[in-house]
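Enquirer: Generate a structure from the sequence data that follows.
(chains A and B)
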Amino acid sequence: MRMDTVIMGGGLSGLTCGIALAKRGQRVTIVASGQSTLLFNGGSMELLGHIEGKAVTAPLEAIGTLPQSHPYSKIGADNIAALADEAKQLLADAGIDMEGSAAVNHWRITPMGVAKPAWLTLNENMRIDSLGKLPAKHLVLMCIRGFFDQPNGMLAQGLRELGFEVKTVEFTTDDITALRRSPSEMRATTLTKRLVSHNALQRIADQINNLAGEAEMVLLPSVFGQTDSTDFQTLQSLVKKPLRLVATLPPSVAGGRMQTLLRHYFKMLGGNYLMGDSAVSGQFDGDRLLSVTTAKLGDMPLRANNYVLATGSFISRGLVADYERVYEPVFDLDVDADGDREQWTRFDVLEPQAYSRYGVATDGDLRCMKQGKPIQNLHAIGSVLSGHDAIKMGDGTGVSLLTALAAAKNILSGK
Amino acid sequence: MATNDIYKKEYDVIIVGGGATGAGTARDCALRGLNVLLVERDDYSTGATGRNHGLMHSGARYAVTDGESAAECIKENMILRRIARHCVEETDGLFITLPEDDLAYQQTFVEACGRAGIRADIIAPDEARVIEPSVNPDLIGAVRVPDASIDPFRLTVANLLDARINGAETLNHHEVEGMIINQGRVEGVKLHNKLNGEHVEVRCKVVVNAAGIWGQRIAKLAGVNISMFPARGALLIFGHRVNRMVINRCRKPANADILVPDDTVCVIGTTSDRIPIETVDDMRVTREEVDVLLKEGIKIAPSLATTRVIRAYAGVRPLVASDDDPSGRSISRGIVCLDHAKRDGLEGFITITGGKMMTYRLMGEIATNAVCAKLGNTKPCVTATLPLPGSEEDAPSQSDTTKRYSFGERAAIGRHGSLAARIEKDNDIDNALVCECEGVTVGEIKYAVHQLHVHNLVNLRRRTRVGMGTCQGKLCSCRAASLMGELNHDVKSAQKDLATFLDERWKGMRPVAWGDTLREAQLTAAIYEGLCGLDQAVNTQRKEDEQ
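Expert: This is a model prediction of the structure:
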């Protein structure tokens, strides 16, 4: 069956683009390897967090100062506000309720108690709108005994430095001790699967009600709600004080849930999601991509009018570095990267690393370049794009969402 | 004993340097009834001890060029198989001849091995391909020798533990910054405690300089001159073990001609370059070194071409200069023990240097003999026969299939031998794994923090292997940092410690940052910087520290 659009990559950008196209009636296939970097996302989206080490307060304004090579500049600084609204609505339609504004960043609380600038944060997560105006003074941090993927000491210390009074309390329930009997790693996602029944949640609520003391707000690790926020809401209804969740080390429950909800929404809109497959090569005719061969479909290539590359950065193997060069492994597209291996990295681990900015080269309309010429029907979106540093600039999720919507518009308008 | 009480005591002997040689000397001195303090400026096994192949030489490599060293090697090799069996994997080794090598050298080699007392059996290339499937199938000759694989970290810790069991004190992160000299006699050392910044003096009758390549500096502090010959060697670690046996090239020693299996990984090395003494602290591996190691390594075992490189590192051989050989290879690996009373007229100061990790025990024996001669101690050396803790006859064995050990217990027995019994395992929390790559439990971390002089994550890695698996500490380092912060009641430095640890891991990954190693680096950055904001936290703390 011929598709309108084939998207390679089923993470945040691929799914967002797929949803935007399917909503407008397109027949869309997503080829997804099954891994998504959303598992490293604690439940927030970032538009632009830092420029050269300085926290950004007004992202829409700051975006205007970015160089032409940045993906935001390519989709037009003037279009960002509208695309950001659209993205927030799309997430809400998928069942992901987040709060925040593109005009002013708020602060998300990281697993180590650091406040980082954010654009949108899940409603149930701890957040601070203004560092001078904390949502509560006295917090109790409820630590799950034997759960090591929340560094409680660092988290409490970080919150205290932000001005909170923090009491830490260790607790457990029968469900948790049963799980801890196994010596293997107790991950956030494992706990979440255990903590679903009303009784299990009631046992946690009892502990909280007993131990919370005088605190105004109760913090818990984000281990509730595999597929939606109902478990959190149930727990909140059983606890007398307001509850907030704090992201854990990966795999993130909130990130996994966002991935699942987006996938369900895409399928609900009629999208075709090929799980566990990946594109391996393409057949070109001049400046057009004719078809894409995948690992599993073999000699039955996928054909479509338009193609979108959303395969991510090195983590997701959208980019590959070998001993000699950085390349894009599916189509051998042009990449923006240094040729000399010595230039890829810096000596100190926490310095900005050059490889973070590497990605496929695109024209002003996000069309991929091959041998210096744009491929007319192949767009690139998300982390596979060059010109931004998701880690140091805090723009990864924003670039994924907004370039996905911009590419969808280009495709729909026949650009 | 509390550190302050350690400072107050007066010792028979203070040993400078916490590598294998210093540890072996401390053990020997303690076993002969001396009052011993060992000081190390960084962590145990930070220098050349922790920066080699982990090869337990049969001596065959030196047979042709240095018969004396070869004979020492095989003797110590046989001793270590008995006294340190929990640190040794008896793999045997091959010396292979490739089409580009001269097969006539094989005969010279086998004869030289015979003279040194090293068993060397010529086997057919076909047989070599069967017993070692990873070997280059084009080989035209092979000789089997009793090489083996040894864990130098475990070996050093076992020596230190036994020294302490026999009354010695040991201090890591204590740097010698001066000598107390009185009327031509060394009477103690001036120390800088790098953990709290304190400066102290500790007194003794004899100082043993076992500081490896840094021994030249230590000697200078005592006002005597030793000319060291720093010969640098770089190595690469591959992500999994391709070879069963040690594989060497059967030719005159050259670059990258030994591939050693170490536990679950394998190591190719080394290069050899003479470097100026001022640069011995710069352990950066260069692009050229990586290129040579890969090119030559693939000739030994072609599958290395497609095996992930997880780390590069370099060490400096502490040889004593004797001629002007630019490669450093024809110089004797022989042991040098200098009594500075005889050499320089300075009493109470002995330098033990040269040699190899393989001969650390013999070096300890020689140095202890020199100390005992000065102090009139006549007790004989027993280190050649007395097993190290963990290698006693009744010690539990990792490979004992009659026992039902958990993964964590089995791994801990491998690391700590009989001392694994000291690890708490009475409850679910203590048994919980913090590092799944290496099987490290909460109980083992507690044991390391409380009993093995662990002050930071890098210390912890050296004692327990946390973060040394293929993930290079992706999640376990945060868990361990958090746990240690709680155990030490010092959460504040936990983040800085974590950043230092990640940086130390990165220093080894950076020279080989391509393929999956670059992927892991980006993943680690996504977790610790992107998700957690560790960079932000550490930068804020550094600014506060400056003010």
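Enquirer: from what I can see B:Lys507 touches B:Arg284, true?
Expert: Yes. Applying C-beta atoms under 8 Å, one finds B:Lys507 in contact with B:Arg284, separated by 7.5 Å. In short, each C-beta sits where N, CA and C put it, glycine included.
Enquirer: Of these two, give the one with the bigger neighbour count.
Expert: Neighbour count, other C-beta atoms under 10 Å in any protein chain shown: between B:Lys507 and B:Arg284, B:Lys507 has more, with 18 against 14.
Enquirer: Where does the more buried one sit, in terms of helix or strand?
Expert: Per DSSP states H and E: B:Lys507 is located in helix B:492-509.
Enquirer: name the helices or strands packed onto the helix or strand just after that helix?
Expert: Counting by DSSP H and E, the next helix or strand C-terminal to helix B:492-509 is helix B:515-525. Using 3 or more C-beta pairs under 8 Å, 6 or more residues apart in numbering or on different chains; DSSP states H and E, the elements in contact with helix B:515-525 are strand A:320-321, strand B:309-320, helix B:492-509.
Enquirer: Is any residue of the last one near chain A?
Expert: So the one you mean is helix B:492-509. Yes. Legend: contact between helix B:492-509 and chain A by C-beta under 8 Å from any C-beta of the partner chain is shown at B:492, B:494-495, B:499, B:502-503, B:505-507.
Enquirer: So what does residue 64 look like in phi/psi?
Expert: Went with chain A since none was named. phi -60, psi -20 (degrees, to the nearest 10).
Enquirer: my read: it touches A:Gly76, true?
Expert: No. Applying C-beta under 8 Å as the test, A:Gly64 and A:Gly76 come out as separate, 10.4 Å apart.
Enquirer: Now for B:Lys507 and B:Arg284: what residues contact both?
Expert: A:Phe347 (C-beta atoms under 8 Å, 6 or more residues apart in numbering or on different chains).
Enquirer: Any idea what the nearest residue to A:Gln150 once chain neighbours are set aside is bridged to?
Expert: Closest residue to A:Gln150 apart from its sequence neighbours, by C-beta to C-beta, 6 or more residues apart in numbering or on different chains: A:Pro221 at 4.4 Å. Bridge pairing for A:Pro221 (DSSP bridges) gives the partners A:Val246.
Enquirer: residues near B:Leu34, how many?
Expert: 24.
Enquirer: wait, isn't it in contact with B:Gly376?
Expert: No. Look at B:Leu34 against B:Gly376 with C-beta under 8 Å: they stay out of range, at 11.3 Å.
Enquirer: Who are the contact partners of the residue nearest to A:Gln150?
Expert: A:143-144, A:147, A:149-150, A:188, A:191, A:245-246, A:248.
Enquirer: Tell me the spacing between it and chain B.
Expert: Distance of A:Pro221 to chain B, given as C-beta to the nearest C-beta, to the nearest Å: 13 Å.
Enquirer: Setting aside sequence neighbours, what's the nearest residue to the closest residue to chain B within the stretch 251-400 of chain A?
Expert: In the stretch 251-400 of chain A, no residue comes nearer to chain B than A:Val349, which is 3.8 Å away by C-beta to the nearest C-beta. Leaving out its chain neighbours, the residue that sits closest to A:Val349 by C-beta to C-beta, 6+ apart is B:Trp506, at 3.8 Å.
Enquirer: ok, the one you found - contacts?
Expert: When contacts are counted by C-beta under 8 Å, 6+ apart, B:Trp506 touches A:348-349, B:521.
Enquirer: Over to A:Gln283?
Expert: So A:Gln283 contacts A:289-293, A:301 (C-beta under 8 Å, 6+ apart).
Enquirer: List the contacts of residue 165.
Expert: As the question left the chain open, I've gone with chain A. Contacts of A:Glu165 by C-beta under 8 Å, 6+ apart are A:137-139.
Enquirer: The intended chain is chain B.
Expert: Applying C-beta under 8 Å, 6+ apart, the residues contacting B:Ile165 are B:Pro389.
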